[in-house]
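Undergrad: predicted model, plus sequence, below.
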Amino acid sequence: MRRNEATVFFAIVAGVFFLVSILGPVFLYAFGATRHDREFALIGFLMLGIGTGACLYGISVILREMGHSPAPPPAMEPERAELMRDTKSPADKPYPSAKEMMSSVKTLIELENWKLAHQRAFELIELFPQSEEAAKLKKNLDYLQKKSVG
């Protein structure tokens, strides 16, 4: 159970306990309970009060414990680690050929991720200016820029 779900659950239970403890005496008065019923009802209301306090304490514990201990970040996958590396040296290029980069641009266009497709196309033109793929992208770079802006 996540923090929000647990907090909502305890808040609902505390609200129900509160409503029953408020409406209980009204029902006892309205239906004319006997002395024995009143004693039994008072014990019940005492238990409801303890339950309400326990629910409110549960909410505070959940908020206190879950708010201060953030979850550790997940381990980075090797593919993502490769993409996050600095590409300054030619040996560390994430795309060793223009065809692979063009394939990435086409995939981004199919996904309609125009900003990243424009950025990747611009990188392809910078890295492989004499390739056929760069020539194709130079013709369509304005279109990609228009789509990425608006």
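TA: Structure's in. What do you need?
Undergrad: neighbours of Pro25, how many?
TA: Pro25: 14 surrounding residues under other Cβ atoms under 10 Å. In short, each C-beta sits where N, CA and C put it, glycine included.
Undergrad: is it in a helix, a strand, or coil?
TA: State at Pro25, reduced to three classes by DSSP: H, G, I helix; E, B strand; the rest coil: helix.
Undergrad: and the gap between it and Gly44?
TA: Note on Pro25: its distance to Gly44, by Cβ to Cβ, to the nearest Å, is 11 Å.
Undergrad: same check, this time on Glu65
TA: Distance of Glu65 to Gly44, computed by Cβ to Cβ: 31 Å.
Undergrad: more neighbours: which of these two?
TA: Each of Glu65 and Gly44 has its neighbours counted (other Cβ under 10 Å); Gly44 has more, 13 against 10.
Undergrad: can you point out the buried residues in the helix or strand hosting that one?
TA: Per DSSP states H and E, Gly44 falls inside helix 35-68. For helix 35-68, the neighbour count (16 or more other Cβ atoms under 10 Å) marks Phe45, Leu48, Gly51, Thr52, Cys55, Leu56, Gly58, Ile59, Ile62 as buried.
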